[in-house]
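1. sequence and computational prediction follow.
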Amino acid sequence: MLIGGCFCGAIRYEAEGTPFHETNCHCSICRRTTGAPFVAWFSVRPSDFRIVKGKPMRFDTTEQGVRSFCSRCGTQLTFQHAELSDEIDVTTCSLDNPELVPPKDNTRTSSRLVWIVPDGLPDYREARHSD
Ligand SMILES: [Zn+2]
Ligand SMILES: [Zn+2]
């Protein structure tokens, strides 16, 4: 069981199952919606993910992509794509223990900032699954 939530504690979640698609995403939408140079994500099956406290705010960042965040403290929590209904992406650093789910690669590195030093993980210039 992976547990996490937003910074202020208003929203808490639980995720079961084995995480997959552990990645650092360098797309401009991740960057601009968090203010961070890139965002670490992992995925689980939607049926294995549940909010156990609070109600995240949801907003559409593209025609098919919707993100959720805490409306009180701003922590971004999830990403879902309309055409990928079998997965929900969760921000790794909203976990209580992000060390449990290290990234395995980098995604959207065509958008990576030039001052990010490559970390030696495999790079995928575009999305392996849509952001
Ligand atoms: Zn919060
Ligand atoms: Zn992204």
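-> Nice, I can see it. Ligands and ions are numbered 1, 2, ... in the order given.
2. okay, now the unreliable bits of this protein?
-> 128-131 (pLDDT under 70).
3. rerun at 50
-> Nowhere does the chain drop to pLDDT under 50.
4. who in it is up against ligand 1?
-> 6, 8, 10, 70, 72-73 (Cβ under 5 Å from the ion). Where you see a C-beta, it was placed from the backbone N, CA and C, and this is true even at glycine.
5. could I have the buried ones of those residues as ChimeraX selection syntax?
-> To isolate the buried members of the residues of the chain next to ligand 1 in ChimeraX, using 16 or more other Cβ atoms under 10 Å:
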select :6,10,70
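6. ok, residues contacting stretch 77-92?
-> 4-6, 11, 13, 15, 20-22, 39-46, 49, 56, 63-70, 75-76, 94, 98, 101, 103, 129-131 (Cβ atoms under 8 Å, 6 or more residues apart in numbering).
7. repeat that for 7 Å
-> 6, 11, 13, 15, 39-46, 49, 56, 64-70, 76, 94, 98, 101, 129-131 (Cβ atoms under 7 Å, 6 or more residues apart in numbering).
8. again, but for stretch 7-19
-> Contact with stretch 7-19 is made by 1-5, 42-45, 48-54, 56, 70, 72-73, 75, 77, 90, 101, as judged by Cβ under 7 Å, 6+ apart.
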